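*Asks:* could you look at this predicted model? Sequence included:
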Amino acid sequence: MLRMSTLFLRTLREDPADAEVPSHRLLVRAGYVRRIAPGVFSWLPLGYLVYRNIENIIRAEMDRAGFQEVHFPSLLPREPYELTGRWTEYGDNLFRLQDRRKGDYLLGPTHEEMFTLLVKGEYSSYKDLPLVLYQIQTKFRDEARPRAGILRGREFVMKDSYSFDIDDAGLEKSYQRHRDAYIDTFTRLGMEFVIVSAMSGAMGGSASEEFLAPTEVGEDTFVRCSACDYAANVEAVVTPAPASLDYSSVSPAHAEQTPDTPTIASLVDLANERADLVRADRAWTAADTLKNVVFMVSSPDGTEAPLAIGLPGDREVDMTRLEAVLQPRQSRPFEDSDFTKYPTLMKGYIGPGALGSANSSGINYLVDPRIVTGTRWITGADISGSHVFDLVAGRDFTPDGFIEVAEVLPGDSCAKCGSGLQLARGIEIGHIFQLGRKYAQALGLKVLDENGQLVTVTMGSYGIGVSRAVAAVAEQSHDDRGLIWPREVAPADIHLIATGKEDAPFDAAESLSGQLEAAGLRVLYDDRRGVSPGVKFNDSELIGVPTIVVVGKRLVDGFIEVKDRRTGERTDIAITDAVPALLAVCG
RNA sequence: CGGGGCGUAGCGUAGUGGCUAGCGCGCCUGCUUUGGGAGCAGGAGACCGGGAGUUCGAAUCUCCCCGCCCCGACCA
């Protein structure tokens, strides 16, 4: 039993000045966590209870799915990460250290290498597969900017699993097993979540989905279809390509003098003002223009090459999507010095005429999927102060290919059913990947198949942010008075409060708390004498145990009060019926 | 790494060159109070982020450094 009189807890009456998001604010105010360093937190007794509840639920669900728990150290040698290139690729995000003999070590940011090598050391036959191993373990990533309390820390706990299969069909099955287990896990944690298609990012591999907890403070933006079940991280949104258009009646392309129109807005204004350019049926809009943006793309080996991207003028290039597509290559917008090196690119007036491998510049030219054959555009004429009108894709220019990097806007068409998409934010609470053979190949994880041939194992990797889940649940489940824990993750089932200055309510509550514990309920008993009822009520609401029981002024009539933290609903029950009644409430 | 904000007691804060750095919460002692963050009285707690400088005098002005928060970049 937890007693408030001795519990290591100090609730704060005011919000901490450095906490912005609700979960951070409330977890600090309610005395669950304290900050130690940027992105590094300690768990206090109440917080650690909740943390362990969540960890145990995740563990129980993994075990139920038939996965086997192992445990690696956080302190790892350099070599395995050197073999896969991640010692370098991870860059500054890796916490590195040296031992006394100057040997390089790292604090594990994720453990694909270690699991791959572990299995390589033990198994060598297809008969041993499939296999799924997991661990619940502290990870370290030197994030450039930790934020939002324990939502994005530099030290955090992750449940990471890895599946090992002989072929793609097996991987697909292991992936589905995880998907199902994750659905069960997050449901049991009382979380609202959405499964979205995702980019596999630096992890490599093919298929991947994220489990997002929708909330405004989430760091990921995702789309959801208003009509069907399509959902995707914006990075992974697929833009449906419209059908090609018949352009036989479109007049030939013609260059026009358009002085002082370096921006889309100024170009559209000019086109609508000039009698010779104005459209008969409707006004020109930014969507009629073809904007060409140039980036300098650098590969991990250090080489640089320009990339031109064409997209409708009413959209920007979404840098997040661009990074995701180019991974592991990096990009930056063209600077003046770059333009100097490519004199055929006329800043502000770049058109397809100067782009593409077939043209003089030889610059790779990729366009948005909306730019299909037959679409007509106003675009740069590659001469300062001049634009081309009626330039038709497929007739007047042919891009080198397509690229999905335009910003996604609310109302964009769903790739699955064509209805409008909605945008929302979410916290990434889980991510499942079909990794494929990247790590097995790099580290030589092979087994003999039934024909005695060596085959490379195919892998999946699957993560749940355990510590992050604590914050995500808090984020989804609180009100202006404090936290509201789902019962299974709450630090207790019942927050029992005794009020008054007489001994009677304290004696009754003391006895009741013992009976409740004997009946299997977890009790947080506020036995503090001399603390006013208001303080106790406020603390109970801040702490967020789902059921609050008050033994107070109605005790003289033999009644105690039962309050539902979430709904605020109060009922009086006879103290003689308390144990069975509360067992029923706590289900 | 770029932009913005900020560092004063455990927490929240006031204090733009001049007395012993002020207030609220929390903490300690005593009395009173006990159904929505009680009252009175007395107390403890601060190297004003650090260093250098300007000045008769610096929390306050200048320079350098360190740290924190937010936005962006980045982020299995």
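*Replies:* All right, it came through fine. Note that this is a predicted model, so its numbers are computed, not measured.
*Asks:* in the sheet, who's paired with residue A:498?
*Replies:* Counting by DSSP bridges, residue A:498 forms beta bridges with residue A:551.
*Asks:* burial of residue A:534, as a residue count?
*Replies:* By the other C-beta atoms under 10 Å criterion, the neighbourhood of residue A:534 contains 9 residues. Where C-beta positions appear, they are placed from N, C-alpha and C, glycine not excepted.
*Asks:* what's the distance between it and RNA strand B?
*Replies:* 3 Å (C-beta to the nearest atom of the strand, to the nearest Å).
*Asks:* am I right that residue A:578 sits in a strand?
*Replies:* No: with DSSP: H, G, I helix; E, B strand; the rest coil as the criterion, residue A:578 is helix rather than part of a strand.
*Asks:* so it touches residue A:514, yeah?
*Replies:* No: Residue A:578 is beyond contact range of residue A:514, at 11.7 Å (criterion: C-beta atoms under 8 Å).
*Asks:* the two - which one has more neighbours?
*Replies:* Between residue A:578 and residue A:514, counted using other C-beta under 10 Å, residue A:578 has the larger neighbour count: 22 against 13.
*Asks:* ok, the more buried one - contacts?
*Replies:* By C-beta atoms under 8 Å, 6 or more residues apart in numbering, the contact set of residue A:578 is A:512, A:515-516, A:549, A:560.
*Asks:* mind checking which of the residues you listed are in helices?
*Replies:* Taking DSSP state H as the definition of helices, the contacts of residue A:578 contribute A:512, A:515-516.
*Asks:* on that earlier part again, from the contacts of residue A:578, which single one is nearest RNA strand B?
*Replies:* Distances from RNA strand B to the contacts of residue A:578, taken as C-beta to the nearest atom of the strand, are shortest for residue A:560 (7.4 Å).
*Asks:* surely that closest one meets residue A:548?
*Replies:* No: using C-beta under 8 Å, residue A:560 is not in contact with residue A:548, being 10.8 Å away.
*Asks:* got the residues of the stretch 1-150 of chain A near RNA strand B?
*Replies:* By C-beta under 7 Å from any atom of the strand, the residues of the stretch 1-150 of chain A that approach RNA strand B are A:10-18, A:20-21, A:35, A:37-39, A:93, A:109-110, A:139, A:141, A:143-148.
*Asks:* buried ones among those?
*Replies:* A:11, A:21, A:35, A:39, A:109-110, A:139, A:141, A:146, A:148 (16 or more other C-beta atoms under 10 Å).
*Asks:* where is pLDDT lowest across those residues?
*Replies:* Of all those, residue A:146 has the smallest pLDDT value, namely 77.
*Asks:* ok, now which ones touch it?
*Replies:* A:38-39, A:152-154.
*Asks:* reformat these as a markdown table; add secondary structure.
*Replies:* Converted to a markdown table, the contacts of residue A:146 look like this (three-state DSSP):
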| residue | secondary structure |
| --- | --- |
| A:38 | coil |
| A:39 | coil |
| A:152 | strand |
| A:153 | coil |
| A:154 | coil |
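*Asks:* tell me the two of those residues that are most distant?
*Replies:* Greatest spatial distance among those (C-beta to C-beta): A:38 and A:152, at 10.5 Å.
*Asks:* would you list every one of the strands in the stretch 251-400 of chain A?
*Replies:* Using DSSP state E, counting those that start in this stretch, the strands assigned to the stretch 251-400 of chain A run over residues A:254-257, A:289-298, A:304-312, A:330-333, A:364-367, A:376-383, A:386-392.
*Asks:* so for residue A:501, which of those sits nearest?
*Replies:* Residue A:501 lies closest, by C-beta to C-beta, to one member of the strands of the stretch 251-400 of chain A: strand A:330-333, at 67.9 Å.
*Asks:* and the closest one, what does it pack onto?
*Replies:* The contact analysis (3 or more C-beta pairs under 8 Å, 6 or more residues apart in numbering; DSSP states H and E) places strand A:330-333 against strand A:289-298, helix A:319-326.
*Asks:* render the CA-only coordinates of the first one in PDB, please.
*Replies:* Extracted as PDB, the C-alpha positions of strand A:289-298 are listed here (Å, rounded to 0.1, in the frame of the first residue of the first chain):
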ATOM      1  CA  THR A 289       2.200  27.300 -63.200                       C
ATOM      2  CA  LEU A 290       5.000  24.800 -63.200                       C
ATOM      3  CA  LYS A 291       7.500  25.700 -60.600                       C
ATOM      4  CA  ASN A 292      11.100  24.400 -60.900                       C
ATOM      5  CA  VAL A 293      13.200  24.200 -57.800                       C
ATOM      6  CA  VAL A 294      16.800  23.100 -57.800                       C
ATOM      7  CA  PHE A 295      18.600  21.400 -54.900                       C
ATOM      8  CA  MET A 296      22.100  20.300 -54.400                       C
ATOM      9  CA  VAL A 297      22.200  16.600 -53.400                       C
ATOM     10  CA  SER A 298      25.200  15.200 -51.600                       C
END
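*Asks:* who does that strand pair up with?
*Replies:* Strands that pair with strand A:289-298, judged by DSSP bridges, come out as strand A:304-312 (antiparallel), strand A:330-333 (antiparallel), strand A:376-383 (parallel).
*Asks:* now it: buried residues?
*Replies:* Buried, per 16+ other C-beta under 10 Å, within strand A:289-298: A:289-297.
*Asks:* one more: the last one?
*Replies:* Buried residues in helix A:319-326, counting neighbours by 16+ other C-beta under 10 Å, are found at A:320-326.
*Asks:* just checking, what packs against it?
*Replies:* By 3+ C-beta pairs under 8 Å, 6+ apart, helix A:319-326 packs against strand A:330-333.
*Asks:* list the contacts of the strand it packs on.
*Replies:* For strand A:330-333, contacts defined as C-beta under 8 Å, 6+ apart pick out A:293-298, A:307, A:322-323.
*Asks:* could you find the lowest-pLDDT member of these?
*Replies:* In terms of pLDDT, residue A:298 ranks lowest among the contacts of strand A:330-333, with 71.
*Asks:* pretty sure that one is touching residue A:304, no?
*Replies:* Yes: at 4.8 Å, residue A:298 counts as touching residue A:304 under the criterion of C-beta under 8 Å.
*Asks:* where does pLDDT dip in chain A?
*Replies:* When residues are selected by pLDDT under 70, those of chain A lie in A:200-206, A:262, A:277, A:300-302, A:327-330, A:336-340, A:343, A:358, A:360-361.
*Asks:* please redo it, this time with the cut-off set to 50
*Replies:* Residue ranges of chain A with pLDDT under 50: A:202-204.
*Asks:* check it for the residue nearest RNA strand B and tell me.
*Replies:* In chain A, the residue that lies nearest RNA strand B is residue A:552 (2.2 Å; C-beta to the nearest atom of the strand).
*Asks:* how near is that residue to residue A:238?
*Replies:* Separation of residue A:552 from residue A:238 (C-beta to C-beta, to the nearest Å): 60 Å.
*Asks:* more crowded one of these two?
*Replies:* For residue A:552 versus residue A:238, the count of surrounding residues by other C-beta under 10 Å is larger for residue A:552: 19 against 13.
*Asks:* ok, so what distance separates the closest residue to that one other than its chain neighbours from residue A:554?
*Replies:* Distances taken as C-beta to C-beta, 6 or more residues apart in numbering place residue A:499 nearest to residue A:552, at 3.9 Å, with adjacent residues excluded. Using C-beta to C-beta, residue A:499 is found at 10 Å from residue A:554.
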